[in-house]
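Q: build the 3D model from these lines:
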Amino acid sequence: MGLVEDAFGISGLQDVIQEFQASHPLLKVLMDDLIIDEERRTASAFFTATAAHLLPSREGVPATGHVSTVQGVDRFQFDRQGRCTSIQSTRQRFTDEEGLQLIDWDTA
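A: Sure thing, here's the model as predicted:
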């Protein structure tokens, strides 16, 4: 096993997601794919997350009852010692909220 696999092995990453979901019961995260390059210098984690907005926000905004889904990819780069040197995150959000204007950053 290389350094990237040690940090981002599929079973280890799924354990982290399960622990995170246990502390956030209104959030569901599915790992769609995990790709590690042959040189073990980059990793890409593809996921889908669904959240129900059933509680007020920390800022006091009332709950909407809406459900939103985010599809994303996190790309990690590592140095030769296995330390993460950069993270690039891309998200695309879908929601059932009518009239909500979302920005598609790929075409904006």
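Q: what ranges does this protein have for its strands?
A: Remark: strands assigned in the chain by DSSP state E are 27-36, 42-52, 67-78, 84-95.
Q: let me know the pLDDT of the nearest residue to residue 31 once chain neighbours are set aside.
A: Once flanking residues are discounted, residue 31 sits nearest to residue 47: 5.4 Å by CB to CB, 6 or more residues apart in numbering. The way it works is simple: take the backbone N, C-alpha and C, and place the C-beta from them, glycine included. For residue 47, the model assigns a pLDDT of 86.
Q: compute the number of surrounding residues for residue 47.
A: Counted with other CB atoms under 10 Å, residues neighbouring residue 47 total 18.
Q: ok, residue 80 next?
A: Using other CB under 10 Å, residue 80 is surrounded by 9 other residues.
Q: need the contact list for it.
A: Residues in contact with residue 80 (CB atoms under 8 Å, 6 or more residues apart in numbering): none are found.
Q: quick one: residues contacting the residue nearest to residue 31.
A: 29, 30, 31, 32, 71, 72, 73, 74.
Q: out of those residues, which are buried?
A: Burial by neighbour count, 16 or more other CB atoms under 10 Å: within the contacts of residue 47 this picks out 29, 72, 73, 74.
Q: where's the last one relative to residue 91, distance?
A: It refers to residue 74. Distance from residue 74 to residue 91, counting by CB to CB, to the nearest Å: 9 Å.
Q: find residues that contact each of these two.
A: Residues touching both residue 74 and residue 91 by CB under 8 Å, 6+ apart: none at all.
Q: distance to residue 61 added to the strands of the chain, as CSV?
A: Below are these laid out as CSV (distance: least, CB to CB, whole Å):
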stretch, distance to residue 61
strand 27-36, 17
strand 42-52, 14
strand 67-78, 14
strand 84-95, 15
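Q: worst mean pLDDT among those strands?
A: Mean pLDDT across the strands of the chain is lowest at strand 84-95; the value there is a mean of 78.
Q: now do that one: which elements does it pack against?
A: strand 67-78 (3 or more CB pairs under 8 Å, 6 or more residues apart in numbering; DSSP states H and E).
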